[in-house]
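J.: Based on what follows, work out the 3D shape:
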Amino acid sequence: MTFASLPRVSVIIPCHDREETVREAVQSVLDQDFSELEVIAVDDRSADRTLEVLRGIEDPRLKILSNTGPQGASGARNCGVALARAPWIAFQDSDDIWLPGKLSRQMARLEDSDFVAAYCGMQVKDDARPETPVQKRYPDPALSPLEGDILPSLTRQSYISTQMLVVRRDVFDAVGGFDEALPALVDWELMLRVAQAGPVAFVDEDLVVQRMSGNSITRSSRRRLEAQAHVLAKHRDLLAGYPGVLAHHHHRLAGAHRAFGEFAPAARHAAAALRERPANPRYVLNALYLRSRALFG
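T.: Just a heads-up that it's a prediction; the model follows:
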């Protein structure tokens, strides 16, 4: 790609206080064998040396912006996409790694196809547990379907993180971008909308490494609980179209509130799960138990 030519992929990287990891994250994108890209790093009001580190990366494909929208990763991503020039949009986090060939393998599936997006596999590594190199892999191979119309599996479970994703720019714009009101699960909520726009491709290789750290948003159970309730309310009609899905999510929310010792909301969600699936013995027992705890402590 020449400096004057348009890129085929714009990679958006929100950055907030990641001075120790952002260089490696950005470089893993710039080192891809698919070179027709631009990288838009959006500094989200960092208080450390993140911006200084970014400015030290010398590559004409890298643009550095400041988030002019609401603070947070979703606002920063939307800010970056607004200035992107390519017909395809990809995302990276400022503490994660793209493995070699990630982008070229995805673009090989996307170009000259009907797919509106593609995602790949991801390994999750925990900085706090170096003795166990890989904590988890996404997606779970037991899920189905993982390609094409993925809504039957996606409505039940979040398994596509933003780092795994490449999406058509026009589709991203049409569905409205990231929901900036969500405290977590923004990738799942976005994909629920993207997957309604058309088929999604899956590259069955682990091509992203996600690092877990003590301040990772993924660790926040409270934020995930609030976000799941938000998604459930926002997409209730969609989820209701798949048997058992609403009950599944109400049951999970009941368990999350129970873990926080919040038995009144736990009982409400357990009752909602039971209304959706009254013959499920697990839901019956859970609703009875949580109702008694809500009433009598």
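
J.: So which residues of the stretch 101-250 of the chain form strands?
T.: Secondary structure of the stretch 101-250 of the chain, counting by DSSP state E, counting those that start in this stretch: strands at 117-126, 136-138, 165-168, 200-212.

J.: Can you spell out which helices and strands pack onto the lowest-mean-pLDDT helix or strand in the chain?
T.: When each helix and strand of the chain is scored by mean pLDDT, DSSP states H and E, strand 136-138 comes last, with a mean of 91. Of the remaining helices and strands, those touching strand 136-138 by 3 or more C-beta pairs under 8 Å, 6 or more residues apart in numbering; DSSP states H and E are strand 117-126. To be clear about C-beta, it is placed using only N, CA and C from the backbone, and glycine gets the same treatment.

J.: residues making contact with the strand it packs on?
T.: Applying C-beta atoms under 8 Å, 6 or more residues apart in numbering, the contact partners of strand 117-126 are 102, 105-107, 109-110, 132-139, 160-161, 163-168, 171, 191, 194-195, 200-212.

J.: go on, stretch 244-254?
T.: With C-beta under 8 Å, 6+ apart as the criterion, stretch 244-254 contacts 155-156, 225, 228-229, 232, 236, 239-240, 265-267, 269-270, 272-274, 276-277, 280, 282-283, 286, 290.

J.: ok, 7 Å please
T.: Outside stretch 244-254, the residues within contact range by C-beta atoms under 7 Å, 6 or more residues apart in numbering are 155-156, 225, 228-229, 232, 239-240, 266, 269-270, 272-273, 276-277, 283, 286, 290.

J.: which of those are buried?
T.: Buried members of those, counted by 16 or more other C-beta atoms under 10 Å: 155-156, 225, 228-229, 232, 239, 266, 269-270, 272-273, 276-277, 283, 286, 290.

J.: so who does the closest residue to Ser144 other than its chain neighbours touch?
T.: In space, and not counting its chain neighbours, Ser144 is closest to Ser153: 6.1 Å by C-beta to C-beta, 6 or more residues apart in numbering. Neighbouring residues of Ser153 by C-beta under 7 Å, 6+ apart: 143-146.

J.: Narrow those residues to those that are buried.
T.: Among the contacts of Ser153, those classed as buried by 16+ other C-beta under 10 Å are Leu146.

J.: Report the two of the contacts of Ser153 separated the most.
T.: The largest distance within the contacts of Ser153, taken as C-beta to C-beta, falls between Leu143 and Pro145 and amounts to 8.0 Å.

J.: correct me, but Leu151 touches Ala197?
T.: No: Leu151 is not in contact with Ala197 according to C-beta atoms under 7 Å; the separation is 10.8 Å.

J.: The two: who's more crowded?
T.: For Leu151 versus Ala197, neighbours defined as other C-beta atoms under 10 Å are more numerous around Leu151 (19 against 16).

J.: Would you enumerate the residues in contact with that one?
T.: Contacts for Leu151 (C-beta under 7 Å, 6+ apart) come out as 195-196.

J.: Okay, it and Cys79: tell me how far apart.
T.: Remark: distance between Leu151 and Cys79 (C-beta to C-beta, to the nearest Å) = 29 Å.

J.: Likewise for Asp114?
T.: 30 Å.

J.: Then Cys15?
T.: Using C-beta to C-beta, Cys15 is found at 12 Å from Cys79.

J.: Pull the contacting residues for the residue nearest to His235 when sequence neighbours are not counted.
T.: Nearest residue to His235 in three dimensions, chain neighbours excluded: Leu192, at 5.6 Å (C-beta to C-beta, 6+ apart). Going by C-beta under 7 Å, 6+ apart, Leu192 touches 154, 235, 238.
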